[in-house]
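# Compute the structure for the input listed below.
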Amino acid sequence: MGHTVGDGLISLALMGALVAYLYFRYRERQRRLEIIHQERLAAMDKGIPLPELPLDPTRTPTPPSPEATLIHGLVWTAFGAGGMLALFLVGAQVNGHAIWPLPLPLLFLGLGLVLYYVLAYERTR
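Numbering: from 1, shown residues only. Below is the predicted model:
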């Protein structure tokens, strides 16, 4: 439609970078497993008992920070208020109607998240 050869080259380069990243990550994992295997073989030759190791270490998920809700709420509130202020100051209109209230849902989303944080924080205290 409006795409050029340059757009295609950029997309191709980005996909190539993604494939290269995945390939090198895979190769690094293979190299690490080979080193672990060689070390375990050397230890077994010397008669040293080794515990069974998982191929990939298990990752224990960390619980989300309670302040994350507050931070998200403040950011959404700032986006909503800033967007409303910018549209109001510019005086943007569509068909004679002011559009400055359009970011109002973002403001309410942010205020809701801040309120949720305050209520949840009061409950845990």
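# When you work out contacts or count neighbours from here on, use the C-alpha atoms and nothing else.
Will do.
# in this structure, which helix has the most residues?
helix 5-45 (DSSP state H).
# What's the first helix or strand after that helix?
Going down the chain from helix 5-45, the next helix or strand is helix 67-90, by DSSP states H and E.
# any residues touching that following helix, and which ones?
98-114, 116-117 (CA atoms under 8 Å, 6 or more residues apart in numbering).
# Now the element after that helix, going C-ward?
Note on helix 67-90: by DSSP H and E, the next helix or strand toward the C-terminus is strand 93-94.
# Name the strands paired with that next one and say parallel or antiparallel.
Using DSSP bridges, strand 93-94 pairs in its sheet with strand 97-98 (antiparallel).
# How far away from the center of its chain is the partner strand?
Its chain's C-alpha centre and that of strand 97-98 lie 36 Å apart, by CA atoms, centre = their mean, to the nearest Å.
# what does that strand contact?
88, 91, 92.
# Now intersect the contacts of helix 67-90 with the helices, please.
Short answer: the contacts of helix 67-90 in helices (DSSP H) are 104-114, 116-117.
# Only the buried members of the contacts of helix 67-90: can you turn that into a PyMOL selection?
Selecting only the buried entries of these in PyMOL, with 16 or more other CA atoms under 10 Å as the criterion:
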select buried, resi 100+103+104+106+107+108+109+110+111+112+113+114+117
